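Chemist: next one to model:
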Amino acid sequence: MNLQSRKSICSWILLMLCPLLLFCGCGSGDKNSVSQSTSELYNQSEPAANESAVDSESSEGAGATEATGEDPGENTKKTTEETAVKSETQINTEMLIYTCTLKIDTLDYETSVNTFRQMLNNAGGFVENERYSDGITGQEYYIEDSEKTKTYKATVRVPQDKYETFLSGAGQLGDIRSKESNVENVNQEYTDLGTSLDIYEAKEKRYIKMLADITDDSHAISIEKELTELQIKIAQIKTRMKEIKTDVSYSTIELTIREVNKYEEEPEKTDTFMQRLSATIKDTFKNFLLFMETMLFFAIRVSPYVIIIVLILLLVLFLQKRSKKKSSKKEDTEVAEDLEDTETTEDIEDTTNIE
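Modeler: Take a look at the predicted model:
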């Protein structure tokens, strides 16, 4: 007889003696002690009964094992290991965040943007932010639409169940030049945040209860400080959990729609001799007129300076002539005086010779 069988027999004996102990009291004379002993015996008998049930199951298993020739412990161990492996390899797909970056080129910019907005409205999504650019910045003058290269950039949110449908329809917006998708599993982070939140909230309740019973002001202030810090942590955890829920419920798509022009190669032209001659004569006459026009404008622009220069030159010449005239008059006067002196000298000599 094994140990389990002995325990089972003892438990049944104790259960049979319980009524006798209740009526006789076993000489103790105290009803409370009798009820207590009865409850203890009942508690002891309950696991014993459970053990007997286990023994019966094990005996049945042993019989089955003897029939099949296998060890039940090994079967239980294998089952446990298989369950553990399955639980480890299984991925929880309830907390997945989907993000995608799309770059699309289009020949019809307005139609593509309007189609995108209609798709977003049908999917029940919304725009977080958007930006428009015409490709020409910093210009202070008007530019025609034909010279602009328009670009539309937007960050949108789409419900997770409409995410794949929305992306599959993006091809109608234009030519998809690049597409980058990403999936992030935040189940572990969300679970850790929930565990931390439960711990902090339980701690918060204890602090509130302690604060209600404290009479010392200094101790109350320290508890209030710790309670405030704890509540800040709780608020941060709740905010992060809310962000995760939002990111899981609404997938993020970064979209860029760029306007492009279709390349068309121009055919090569071959002109005849007369066409080339006519074009040459026209270009020559046009260049001659342009040259004459340039010279005319140049003459007009420099004419004030030329007039001033001519006046200065005339003034200089006038002053030179005047100075020459003065110098010539002075020379003539000097010559006349010299002649007079010479004549006077000759007269004196003549007079002297006559005497």
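
Chemist: in stretch 166-184, what counts as buried?
Modeler: Neighbour-count burial for stretch 166-184 flags 166-167, 170, 173-174 (criterion: 16 or more other C-beta atoms under 10 Å). The way it works is simple: take the backbone N, C-alpha and C, and place the C-beta from them, glycine included.

Chemist: now the residues you listed in CSV, with secondary structure, distance to residue 260 and pLDDT?
Modeler: Putting those into CSV (DSSP: H, G, I helix; E, B strand; the rest coil; distance: C-beta to C-beta, whole Å; pLDDT from 0 to 100) gives the following:
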residue, secondary structure, distance to residue 260, pLDDT
166, helix, 23, 92
167, helix, 22, 92
170, helix, 17, 90
173, helix, 13, 91
174, coil, 9, 91
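
Chemist: pick the one among the residues you listed closest to residue 223.
Modeler: residue 166 (51.8 Å; C-beta to C-beta).

Chemist: gap between that closest one and residue 128?
Modeler: The gap separating residue 166 from residue 128 is 15 Å, by C-beta to C-beta, to the nearest Å.

Chemist: now do residue 103
Modeler: Where residue 128 is concerned, residue 103 sits at a distance of 18 Å (C-beta to C-beta).

Chemist: the chain: helices as residue ranges?
Modeler: 3-24, 31-68, 72-89, 109-123, 163-168, 187-213, 217-249, 273-354 (DSSP state H).

Chemist: report all helices and strands that the fifth one contacts.
Modeler: I take that to be helix 163-168. Contacts defined by 3 or more C-beta pairs under 8 Å, 6 or more residues apart in numbering; DSSP states H and E place helix 163-168 against strand 96-106, helix 109-123, strand 250-259.

Chemist: looking at those, which one is packed in the most?
Modeler: Most buried of those by mean neighbour count (mean count of other C-beta atoms under 10 Å) is strand 250-259; its value is a mean of 20.

Chemist: for that one, packing partners?
Modeler: Using 3+ C-beta pairs under 8 Å, 6+ apart: strand 250-259 touches strand 96-106, helix 109-123, strand 151-159, helix 163-168.

Chemist: dump the ones you listed into JSON lines; add distance to residue 331 as well.
Modeler: Compiled in JSON lines, the helices and strands packed on strand 250-259 are given as follows (distance: least, C-beta to C-beta, whole Å):
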{"stretch": "strand 96-106", "distance to residue 331": "96"}
{"stretch": "helix 109-123", "distance to residue 331": "93"}
{"stretch": "strand 151-159", "distance to residue 331": "90"}
{"stretch": "helix 163-168", "distance to residue 331": "110"}
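
Chemist: between these, which one is nearest to residue 179?
Modeler: So among the helices and strands packed on strand 250-259, strand 96-106 is nearest, using C-beta to C-beta, at 5.6 Å.

Chemist: could you give the average pLDDT over that closest one?
Modeler: Average pLDDT, strand 96-106: 94.

Chemist: and stretch 318-328, by the same measure?
Modeler: pLDDT averaged over stretch 318-328 gives 83.

Chemist: from residue 255, how far out is residue 155?
Modeler: 8 Å.

Chemist: could you tell me the least trusted of the helices of the chain?
Modeler: helix 31-68 has the lowest average pLDDT among these, namely a mean of 38.

Chemist: which residues touch the residue nearest to residue 260 when sequence neighbours are not counted?
Modeler: Nearest non-adjacent residue to residue 260, counting by C-beta to C-beta, 6 or more residues apart in numbering: residue 105, 4.7 Å away. With contact set as C-beta atoms under 8 Å, 6 or more residues apart in numbering, residue 105 has these partners: 174-175, 177, 258-260.

Chemist: so can I have TSV of the residues you listed showing distance to residue 198?
Modeler: Output for these, formatted as TSV (distance: C-beta to C-beta, whole Å):
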residue	distance to residue 198
174	50
175	51
177	48
258	49
259	53
260	55
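
Chemist: could you identify the most distant pair in these?
Modeler: Maximum distance among the contacts of residue 105 (C-beta to C-beta): 12.8 Å, for 177 and 259.

Chemist: near the nearest residue to residue 107 once chain neighbours are set aside, how many other residues are there?
Modeler: Of all residues not flanking residue 107 in the chain, residue 262 sits nearest, at 6.0 Å (C-beta to C-beta, 6+ apart). Neighbours of residue 262 under the rule other C-beta atoms under 10 Å: 5.

Chemist: thought residue 262 was touching residue 108?
Modeler: No - with contact defined as C-beta atoms under 8 Å, residue 262 does not reach residue 108; the gap is 10.8 Å.

Chemist: could you measure from the residue nearest to residue 260 over to residue 262?
Modeler: 11 Å.

Chemist: swap in residue 147?
Modeler: Taking C-beta to C-beta, one finds residue 147 at 16 Å from residue 262.

Chemist: ditto for residue 190
Modeler: From residue 190 to residue 262 the distance is 49 Å (C-beta to C-beta).

Chemist: check residue 109 too.
Modeler: Counting by C-beta to C-beta, the gap from residue 109 to residue 262 is 13 Å.

Chemist: pLDDT wise, what is residue 30 at?
Modeler: 41.

Chemist: residue 128 touches residue 157, doesn't it?
Modeler: Yes - assessed by C-beta under 8 Å, residue 128 is found in contact with residue 157 at 6.1 Å.

Chemist: between the two, what contacts are shared?
Modeler: Overlap of the contact sets of residue 128 and residue 157 (by C-beta under 8 Å, 6+ apart) consists of residue 252.

Chemist: more neighbours, those two?
Modeler: A direct count of neighbours by other C-beta under 10 Å for residue 128 and residue 157 places residue 157 higher, at 20 against 13.

Chemist: nothing else from me, thank you.
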